[in-house]
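Participant: the sequence and its predicted three-dimensional model are supplied below.
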Amino acid sequence: MSETPQTPQPQQTPQSATATADADEPSATTPEMEEAARAGRALPLVMSAPRGRKKPPPHLADLDPAGRKALLEDNGLPGFRAKQLSTHYFARLVDAPEQMTDLPAAQRGELVSTLLPELMTPVRTSEADRGTTRKTLWRLFDGALVESVLMRYTDRTTMCVSSQAGCGMACPFCATGQGGLQRNMSTAEIVEQVMAGARSLARGEVPGGPGRVNNVVFMGMGEPLANYKAVVGAVRRLTDPAPDGLGMSARGVTVSTVGLVPRIRQLTEEGVPLTLALSLHAPDDELRNELVPINTRFSVAETVDAAWQYARTTKRRVSIEYAMMRGINDQGWRADLLADVLYATGADWGWVHVNLIPLNPTPGSKWTASDPADEQEFVRRLEARGIPTTVRDTRGREIDGACGQLAASELA
Ligand code: SAH
């Protein structure tokens with residue numbers, strides 16, 4: 001692991017960034033909440049982002065081609081330049097004005113600042129696995145901090161992106177959940193995390209030679225379906241053919257959710273064939289109410305049914321995420337119950353697979369990863385019932401880049 005400071009270390013902590021926001025708005029993290037988290041007490045669920053925040057500047061990646069043209073014209077600039085800027089951004093993977101030599105030098109600065117304003121600056125990059133896992137901490141225009149992780153494998157590269165600064169879902173084992181929700185990210189802020197990775201791959205900065213992003217997983221900070229519109233917009237930008245978008249396959253995009261049932265239903269109707277991952281973590285309401293507090297609003301049965309409807313309609317296999325916690329949710333009988341719950345939908349085809357995630361303990365956490373023997377037994381029982389099961393690798397663990405470890409602390 002190596003740490004590469006890219007800008008001088010900032011003075012602000014995430015807490016002071018929150019404190020500088022409107023004093024009368026509900027603050028995302030208070031000292032009381034942090035104390036509650038340390039003591040293992042339940043945090044409140046926060047369903048919507050605090051109001052009154054300033055929005056990031058509009059950016060090409062927020063807009064469809066007509067919107068890009070209109071934004072230029074509204075600023076007294078020629079609309080036809082939008083397509084050239086889109087080609088630089090999405091097709092050539094260029095964001096430096098000097099490289100946009102087909103734009104008139106006199107107007108270039110204005111065109112770029114109108115459609116490609118800087119949305120985020122890298123604060124720090126941490127590397128592991130000989131540089132093939134890279135976590136970047138970004139500062140957004142208002143000081144909010146988010147993280148993204150690039151993971152290069154022999155045959156593909158995956159970008160794990162954030163969809164919110166913080167998260168309001170309050171899952172007690174997740175580092176992000178302990179910090180509360182600061183704000184929703186814009187479509188362009190989400191897309192730009194992928195584009196930054198795509199540009200460094202294209203420039204050959206990641207070991208393994210020049211490459212491209214094959215997969216995007218919404219498994220960074222935030223609950224993507226709580227920021228539905230911006231996330232669906234980002235998926236459209238990533239999958240629209242170049243130069244309107246990045247031209248990725250929708251099959252390469254995975255949206256992971258705690259299970260906001262009405263939003264899963266909406267996504268089912270959306271007609272984007274992405275992969276849905278459901279963070280189940282327990283097959284019974286009693287335990288899931290504690291591990292994934294949204295379960296107090298939508299039961300296991302209701303949530304699994306919504307996921308099954310998604311699979312049935314889109315013909316995309318759903319992934320069930322299950323973080324294995326020693327002595328908490330890893331008993332053999334819970335594996336059997338999980339199989340029952342997944343079959344209760346009446347599904348007669350392989351609509352689902354289970355992805356077991358070895359728990360990454362967060363600082364001070366009372367939970368630890370399961371005993372390998374218990375993990376194997378859990379896998380065996382699910383497979384005995386015909387449910388394909390995999391165990392997630394824990395890449396990036398030592399740089400706090402693995403699942404559930406993104407906390408965006410500038411001091412870490
Ligand atoms: N809000 C979305 C995305 C979160 S991160 C969701 O909950 O699905 C992606 C996955 O990492 C989720 O399944 C989440 O439950 C899991 N996760 C969170 N904290 C973890 C931890 N400490 N160890 C292992 N997995 C964790």
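Facilitator: Received the coordinates, thanks. Residues are numbered from 1 along each chain as shown.

Participant: let me know how buried residue 346 is, in neighbour terms.
Facilitator: 7 (other CB atoms under 10 Å). Every residue, glycine included, has its C-beta placed from N, CA and C.

Participant: please apply the same query to residue 270.
Facilitator: As a burial measure, residue 270 scores 14 neighbours (other CB under 10 Å).

Participant: can you tell me the helix or strand for the residue nearest to it when sequence neighbours are not counted?
Facilitator: Spatial nearest neighbour of residue 270, excluding adjacent residues (CB to CB, 6 or more residues apart in numbering): residue 232 at 6.2 Å. Using DSSP states H and E, residue 232 falls within helix 228-239.

Participant: that helix - what's its average pLDDT?
Facilitator: If you average the pLDDT over helix 228-239, you get 98.

Participant: and the strands in this structure, which stretches?
Facilitator: Secondary structure of the chain (DSSP state E): strands at 2-5, 120-128, 133-140, 145-152, 157-160, 164-166, 181-184, 215-218, 253-257, 275-279, 318-324, 352-358, 389-391.

Participant: tell me the strands beside the fourth one, with direction?
Facilitator: It refers to strand 145-152. Looking at strand 145-152 with DSSP bridges, its partner strands are strand 133-140 (antiparallel), strand 157-160 (antiparallel).

Participant: can you say which of those is nearest to the ligand?
Facilitator: strand 157-160 (8.2 Å; CB to the nearest ligand atom).

Participant: so how far is that closest one off the chain centroid?
Facilitator: 10 Å (CA atoms, centre = their mean, to the nearest Å).

Participant: what pLDDT, on average, does that strand get?
Facilitator: Averaging pLDDT along strand 157-160 yields 96.

Participant: does it reach the ligand?
Facilitator: No - Strand 157-160 stays clear of the ligand (CB under 6 Å from any ligand atom), getting no nearer than 8.2 Å.

Participant: contacts for that strand, please.
Facilitator: Residues outside strand 157-160 that contact it (CB atoms under 8 Å, 6 or more residues apart in numbering): 148-151, 193-194, 197, 201, 206, 211-217, 219-220, 401.

Participant: near the ligand, from these?
Facilitator: Among the contacts of strand 157-160, the ligand is touched by residue 219 when using CB under 6 Å from any ligand atom.

Participant: which among the contacts of strand 157-160 end up buried?
Facilitator: Buried members of those, counted by 16 or more other CB atoms under 10 Å: 148-151, 193-194, 197, 201, 206, 211, 213-217, 219-220, 401.

Participant: the residue in the stretch 51-200 of the chain that the ligand sits nearest to: how many residues sit nearby?
Facilitator: In the stretch 51-200 of the chain, the residue that lies nearest the ligand is residue 174 (3.3 Å; CB to the nearest ligand atom). If you count neighbours by other CB under 10 Å, residue 174 ends up with 25.

Participant: that one reaches residue 167, doesn't it?
Facilitator: Yes - in this structure, residue 174 is within contact of residue 167 by CB atoms under 8 Å, at 7.4 Å.

Participant: low-confidence regions, the stretch 201-350 of the chain specifically.
Facilitator: Low-confidence segments of the stretch 201-350 of the chain (pLDDT under 70): 347-348.

Participant: let's see it at 90
Facilitator: 271, 273, 344-350 (pLDDT under 90).

Participant: what does it put close to the ligand?
Facilitator: So far as CB under 6 Å from any ligand atom goes, the stretch 201-350 of the chain lies against the ligand at 219, 223, 256-258, 279, 321, 323.

Participant: can you redo the residues you listed as JSON lines with distance to residue 380?
Facilitator: Shown next, in JSON lines, are these (distance: CB to CB, whole Å):
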{"residue": "219", "distance to residue 380": "26"}
{"residue": "223", "distance to residue 380": "32"}
{"residue": "256", "distance to residue 380": "25"}
{"residue": "257", "distance to residue 380": "28"}
{"residue": "258", "distance to residue 380": "27"}
{"residue": "279", "distance to residue 380": "23"}
{"residue": "321", "distance to residue 380": "19"}
{"residue": "323", "distance to residue 380": "19"}
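
Participant: max pairwise distance over those residues: which two?
Facilitator: Pairwise distances across those (CB to CB) peak at 15.5 Å, for the pair 223 and 323.

Participant: neighbours of the closest residue in space to residue 46 that isn't next to it in sequence, how many?
Facilitator: Nearest non-adjacent residue to residue 46, counting by CB to CB, 6+ apart: residue 168, 2.9 Å away. Neighbour count for residue 168, taken as other CB under 10 Å: 23.

Participant: just residue 326 next, same as before
Facilitator: As a burial measure, residue 326 scores 15 neighbours (other CB under 10 Å).

Participant: do residue 175 as well
Facilitator: Neighbour count of residue 175, defined by other CB under 10 Å: 23.

Participant: doesn't residue 359 make contact with it?
Facilitator: No - using CB under 8 Å, residue 175 is not in contact with residue 359; the gap is 11.6 Å.

Participant: quick one, helices of the protein?
Facilitator: 14-19, 31-38, 65-74, 81-86, 105-115, 187-202, 228-239, 261-270, 285-291, 300-314, 332-343, 372-384 (DSSP state H).

Participant: distance check, residue 137 against residue 169.
Facilitator: Taking CB to CB, to the nearest Å as the criterion, residue 137 is separated from residue 169 by 21 Å.

Participant: compare the two and say which is more crowded by neighbours.
Facilitator: Counted by other CB under 10 Å, residue 137 and residue 169 do not tie: residue 169 has more neighbours, with 26 against 21.

Participant: and that one, what does it touch?
Facilitator: Counting by CB under 8 Å, 6+ apart, residue 169 has contacts 45-46, 177, 223, 226, 258, 292-294.

Participant: any chance of a ChimeraX selection covering the buried ones in those residues?
Facilitator: Selection command for ChimeraX covering only the buried members of those, criterion 16+ other CB under 10 Å:
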select :46,177,223,226,258,292,293,294
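
Participant: before we move on, the earlier item: surely the residue nearest to residue 46 touches residue 227?
Facilitator: No - using CB under 8 Å, residue 168 makes no contact with residue 227, being 10.2 Å away.

Participant: so what sits against both of these two?
Facilitator: residue 49.

Participant: could you check how far the residue of the chain positioned farthest from its centre is from residue 74?
Facilitator: In the chain, the residue that sits farthest from the middle, by CA atoms, centre = their mean, is residue 106; the gap is 38.6 Å. Applying CB to CB, the value for residue 106 to residue 74 is 20 Å.

Participant: outline the domain layout of the protein.
Facilitator: Residue ranges for the domains of the chain, per automatic domain parsing: 60-115, 155-394.
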